[in-house]
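Student: My questions are about this predicted structure, shown below with the sequence.
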Amino acid sequence: MTGQLRVALVQEASTLDADHNREWLSELTPPDTDLVVFPEAFQRDFGDPGGDLAPYAETSDGAFGSEVAAVATARETTIVAGMFEPSPDLARPFNTLLVRGAVDASYRKIHLYDSFGYRESDRLSAGPLEPVTFELAGFTIGLMTCYDLRFPELARSLVDAGADVLVVPAAWVAGDHKVDHWRTLVHARAIENTVYVAAVGQPAPRYCGHSMIVGPFGEVVAEAGPDADIVRGVLDVSVIAEARRTNPSLANRRR
């Protein structure tokens, strides 16, 4: 690996109007970036808990995916954005991260949010268990979505697959202790794996915001507050290498 990766996290709330969200992509995508990350469910917000999401699912080459690809091409960047995608169980679509630009990839959320009084599995299908990574500008990037952050084994499987950056789009629901959980877990995944974690959430009041980039020593590269914002940071491969020399916990594992 060589070089640096310029990352922008777009902490913006999606709406229930999929056309508006799609048209908004161009306005919200900043210039001069290598990777732009939008939150989970940016194609359309989840809406009322328990509501049917199947009518809003789109194939990856549908209107939303096509616009993500077009904006990425126009801005000469790579975009990650959350959407709902049809699954074999037509009543429960996938919660999918779409990657378009220099890379074409997708990740279907593995861990569904059946927690804190929610039942995401009633509305969505879980994706395959295989970790998803892609290569960009000399970095290997692993994909996780929101509730996945609470499962360290998924992060470690991505790192075992070569990831040195974990990208985590989220719609982290607001509530007691939730910002503390979010910040602690982002830091933990970075420190225990000696990787960068770039985690973007939808903003307050429904969600927690606090999108952040945390480095492999656990240092905060950049962080937003609760409100709409764009967080920028530069990831440096030499910092990963230094962290892994200083804290060789991956090499010291006993299996």
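Tutor: Okay, I see it.
Student: quick one: low-confidence parts of the protein?
Tutor: 1-2 (pLDDT under 70).
Student: What segments of it are strands?
Tutor: Residue ranges of the strands in the chain, as given by DSSP state E, are 4-11, 35-37, 78-85, 94-100, 105-108, 133-136, 139-143, 165-170, 196-201, 212-214, 220-223, 229-236.
Student: Columns distance to Arg183 and mean neighbour count on top of those strands, output as a markdown table?
Tutor: (C-beta placed from N, C-alpha, C; glycine too.) Formatted as a markdown table, the strands of the chain follow (distance: least, Cβ to Cβ, whole Å; neighbours: other Cβ atoms under 10 Å):
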| stretch | distance to Arg183 | mean neighbour count |
| --- | --- | --- |
| strand 4-11 | 14 | 23 |
| strand 35-37 | 17 | 28 |
| strand 78-85 | 21 | 27 |
| strand 94-100 | 21 | 26 |
| strand 105-108 | 23 | 21 |
| strand 133-136 | 25 | 19 |
| strand 139-143 | 20 | 25 |
| strand 165-170 | 12 | 27 |
| strand 196-201 | 9 | 29 |
| strand 212-214 | 7 | 25 |
| strand 220-223 | 8 | 18 |
| strand 229-236 | 13 | 19 |
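Student: mind checking which of these is nearest Gly47?
Tutor: Set against Gly47 and scored by Cβ to Cβ, the strands of the chain come closest in strand 78-85, at 10.8 Å.
Student: other SSEs contacting that closest one?
Tutor: In terms of contacts (3 or more Cβ pairs under 8 Å, 6 or more residues apart in numbering; DSSP states H and E), strand 78-85 is packed against strand 35-37, helix 63-75, strand 94-100, strand 165-170.
Student: Figure out which of the ones you listed is closest to Asn21.
Tutor: Evaluated over those, closeness to Asn21 peaks at helix 63-75, with 7.7 Å, by Cβ to Cβ.
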